[in-house]
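Chemist: coordinates only, no sequence provided:
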């Protein structure tokens, strides 16, 4: 997929090449390559890893596997549950499957499981994975023989093998066939997968406990037990890491801790990873005047992204002047530009007839003064500071805004129900590094709602994208969609942060990177020769 960047490796072990605060290689990490138990803090519990009800991807993939690995966010995913994936024609792919894989309950993994999974995803309620079968793309699966599955798309799908099949987890037919698809989200049983770990205990308050799948087809995991407690407060998380109560954290390190953790003698080691997420300012395109593309462009031009990065994230990253998606995504249009230009913002607003009539510094429109709230998570100081800076930038062009702190639950509810004008959030790798998700976000209600709200410009480009039969033509169509979106955005990236993750090397030093997932994932917990066989860079090679 990536014709613009140097290839991203499947997973690069970082045990021997940790990073200093400026990103340069630091001294090799000296620590064990295996452990009986690791304790890894999670910022929240997202249920017993029911794929149809929502779950953290990296954690869920300790239990589940995909046909290719590790994700759609790399240039060349490698066969995993499959031994080979073949392009047949623009609407057809085939996959040969491994014959040495066993589900956690002892049942053999079969081609029927793959065919069933695709059909079940298509029937289950819309969720993180299901729409990649029933909308973008739309496809079904059938048996060629006992070891081969054919995938047939409703329209051209040149990226199915490298993107979709590297994204969809496979579920066991003998388990999920007992659950009507419409009830899939209600399942609370512990999951059965083929992955390197079994989830053996879950509590929404205390978190998760996993045990190694010692018969894993790719090799026995290097850590026998994983305990993942929930620590919602970031400061408490890293206090626990300092004191040795935990061994690592799923969440990246906040910028003010980077210098401390990278200092000589620190018991905590830092590593810098390839990031695919960023904070964003979401605009509610349902509400006037945010339904006007020119008004949205004015908001984008009013945000000073360089100051945002320096003030909020202490300069650790890049200003988001390349817009949406993440500029390092394999499909990102390298020509994108979303400059800070408050004079242009003012000119656009003037042209819309939104002027300050009474001289109080706030423009008026048909509905009255342009006064809005910017919702943000009050438990995340970084998000609140970002909201305050956006409010200052908007005030400078005559749009009054107030940062409003909410608890995480209320913020999520209001975001889902679109009860906001502006909201600060974070978009993760799935949203900004998967090219099919970029399309789907325009059809699912995130970046747009199709077909509820007319968007003829997108519809025309979508038809162009849908008709493309080669990777290059599809990327060209994506370029045009990205350019259009950033000219009238419904999401304004605020900055592209650097990502650092922290761990205690005296407990375990086998951590690996998978772009977009940090270091807490299955690749950090598999033998070095397995990672090496996946075309990764191994410490000492």
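Modeler: Looks like it came in fine. Small disclaimer: the values here were computed from a predicted structure and weren't measured.

Chemist: touching, residue 306 and residue 320? I think so.
Modeler: No - checked against CB atoms under 8 Å, the pair residue 306 and residue 320 is beyond contact range at 9.4 Å. Any C-beta I mention is one placed from the backbone N, CA and C, and that applies to glycine too.

Chemist: tally of neighbours for the closest residue to residue 203 other than its chain neighbours?
Modeler: Spatial nearest neighbour of residue 203, excluding adjacent residues (CB to CB, 6 or more residues apart in numbering): residue 45 at 7.8 Å. Residues lying near residue 45 (other CB atoms under 10 Å) number 20.

Chemist: of residue 306 and residue 320, who's got more company?
Modeler: Under the criterion of other CB under 10 Å, the comparison of residue 306 against residue 320 puts residue 320 first, with 25 against 14.

Chemist: right, and the more buried one touches residue 489 too?
Modeler: No - using CB under 8 Å as the test, residue 320 is too far from residue 489 to be in contact (10.9 Å).

Chemist: where do the contact lists of the two overlap?
Modeler: Residues touching both residue 320 and residue 489 by CB atoms under 8 Å, 6 or more residues apart in numbering: residue 338.

Chemist: follow-up on the earlier one: and the gap between the residue nearest to residue 203 and residue 30?
Modeler: 33 Å (CB to CB, to the nearest Å).

Chemist: kindly report the same for residue 485.
Modeler: Here residue 485 is placed at a distance of 47 Å from residue 30 (CB to CB).

Chemist: neighbour-wise, which of the two wins?
Modeler: Just comparing residue 485 and residue 30: by other CB under 10 Å the higher neighbour count belongs to residue 485, 24 against 11.

Chemist: helix/strand/coil for the more buried one?
Modeler: With DSSP: H, G, I helix; E, B strand; the rest coil as the basis, the three-state label of residue 485 is helix.

Chemist: isn't there a helix covering residue 265?
Modeler: No - judged by three-state DSSP, residue 265 forms no part of a helix; its state is coil.

Chemist: residues near it, how many?
Modeler: With neighbours defined by other CB under 10 Å, the count for residue 265 comes to 4.

Chemist: so which residues of the stretch 251-400 of the chain form strands?
Modeler: For the stretch 251-400 of the chain, applying DSSP state E, counting those that start in this stretch gives strands covering 269-273, 278-283, 317-319, 364-365, 368-369, 371-377, 400-406.

Chemist: residues in contact with the fourth one?
Modeler: So that's strand 364-365. Counting contacts by CB under 8 Å, 6+ apart, the residues touching strand 364-365 from outside are 288, 289, 352, 353, 354, 355, 356, 357, 358, 370.

Chemist: just among the residues you listed, which is most surrounded?
Modeler: Counting neighbours by other CB under 10 Å, residue 354 comes out on top of those with 24 neighbours.

Chemist: need the contact list for the residue nearest to that one when sequence neighbours are not counted.
Modeler: Nearest-residue entry for residue 354: residue 363, 4.5 Å, with adjacent residues in sequence omitted and distances by CB to CB, 6+ apart. Contacts for residue 363 were tallied using CB under 8 Å, 6+ apart; they are 349, 354, 355, 356, 369, 370, 398, 399.

Chemist: any idea of the pLDDT on the residue located most distally from the centre of the chain?
Modeler: Here the chain reaches farthest from its C-alpha mean at residue 358, the gap being 45.1 Å by CA atoms, centre = their mean. At residue 358, the predicted lDDT confidence score is 95.

Chemist: leaving out the residues flanking it, which one is nearest to it?
Modeler: Nearest residue to residue 358 in three dimensions, chain neighbours excluded: residue 364, at 7.4 Å (CB to CB, 6+ apart).

Chemist: how close does that neighbour sit to residue 422?
Modeler: In this view, residue 364 and residue 422 are 18 Å apart by CB to CB.

Chemist: ok, those two, which is more surrounded?
Modeler: For residue 364 versus residue 422, neighbours defined as other CB under 10 Å are more numerous around residue 422 (26 against 17).

Chemist: partners of the closest residue to that one other than its chain neighbours in the sheet?
Modeler: Leaving aside its chain neighbours, residue 422 sits nearest to residue 374 (4.4 Å; criterion: CB to CB, 6+ apart). Judged by DSSP bridges, the bridge partners of residue 374 are residue 403, residue 422.

Chemist: shift numbering so it begins at 5
Modeler: Got it, the first residue is 5 from now on, which makes the last one we talked about residue 378.

Chemist: might one say that residue 378 is in contact with residue 409?
Modeler: No - at 10.2 Å, residue 378 and residue 409 do not qualify as touching, with contact defined as CB under 8 Å.

Chemist: the two - which one has more neighbours?
Modeler: residue 378 (24 against 16).

Chemist: now do the contacts for the more buried one.
Modeler: Listed by CB under 8 Å, 6+ apart, the contact set of residue 378 reads 285, 391, 394, 395, 405, 406, 407, 408, 425, 426, 427, 428.
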